[in-house]
Structure formats: structure tokens, C-alpha cells
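**Q** show me how the following folds:
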Amino acid sequence: MIFTLIYGLTLLIWPLIAFAMGMSLAAPTPSEYQVASRLEGDILMSYPLCVLAALVSGWVSYHEKRYIFPYWIMQLPLLWIVAWMLVDYFGAALSDIPFLR
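**A** Residues are numbered from 1 along each chain as shown. Predicted structure coming up:
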């Protein structure tokens, strides 16, 4: 129940973040941060899909009396937050990886 409330609140805030991210992606960035900027945009723009998938699958499996699976599937959106923080932290190093360019 607590994850439903937390993720619901993040979905309410997400349009503001998406607007700000669109503005920041349009800003000129140094070449060593272009890969990180693109990846951050992809991660943040796909976040609502992950939250909706986790909420729907969590509630469906909970109503089917599978009580362990919903707990773990509700952790899935946390991976998006961790991935965004890692991309933000290792931003300059990501430009040296050839297949990400």
C-alpha cells in the first residue's frame, strides 16, 4: 500500500520533471556529457511506464493471493531511480564507451 502511494505521488510530480528535462535536453551540453544527457532523458521519460506496469501487475497478483510477488515487483521503479543516479554520477565516463555513442 505504501509503494502505491509513493509511486502515485511520483506520477503526479512527473509532468513537471518531464517538462524540466525537456528544457535541459534542449540546452547545449559539452560533448563528454551528451551520452549521459541522452540516457538520463530516456530513463526519465520511460519512468511512468515502469510505475504503471508495476502497479498493475502488483495489484493483479495481490488479488490472485500471491503475496510475495507484489512486494518484489513494486521495487522495480526503484531501479529507474538508481539507474538515473548512476548515469548522473558516471556521466563523463559514459562517453568513452563506444556502443553508447
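
**Q** show me what contacts residue 11?
**A** Taking CB atoms under 8 Å, 6 or more residues apart in numbering as the contact definition, residue 11 lies against 48, 51, 52. No exception for glycine: its C-beta is placed from N, CA and C like everyone else's.

**Q** let me know the pLDDT of the first one.
**A** What that stands for is residue 48. With respect to pLDDT, residue 48 scores 89.

**Q** quick one on the thing from earlier: by neighbours, which of the contacts of residue 11 wins?
**A** residue 51 (22 neighbours; other CB atoms under 10 Å).

**Q** just the element for it, please.
**A** helix 34-63 (DSSP states H and E).

**Q** pLDDT averaged over the following helix or strand past that helix, what's the number?
**A** Next helix or strand after helix 34-63 toward the C-terminus (DSSP H and E): helix 68-73. Across helix 68-73, pLDDT averages out at 85.

**Q** ok, stretch 23-31 next?
**A** 78.

**Q** how about low-confidence regions in this structure?
**A** Low-confidence segments of the chain, defined by pLDDT under 70, are located at 99-101.

**Q** return the residue of it that is most distant from the centre.
**A** Most distant from the centre of the chain: residue 65, at 28.1 Å, with distances by CA atoms, centre = their mean.

**Q** who are the contact partners of that one?
**A** Here residue 65 is in contact with no residues (criterion: CB under 8 Å, 6+ apart).

**Q** now swap in residue 32 and tell me
**A** So residue 32 contacts 91, 92, 95 (CB under 8 Å, 6+ apart).

**Q** redo those residues as a markdown table? Include distance to residue 29 and neighbour count.
**A** Converted to a markdown table, the contacts of residue 32 look like this (distance: CB to CB, whole Å; neighbours: other CB atoms under 10 Å):
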| residue | distance to residue 29 | neighbour count |
| --- | --- | --- |
| 91 | 10 | 19 |
| 92 | 11 | 12 |
| 95 | 11 | 17 |
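
**Q** tell me the phi and psi of residue 74?
**A** The phi and psi values for residue 74, taken as degrees, to the nearest 10, are phi -70, psi -10.
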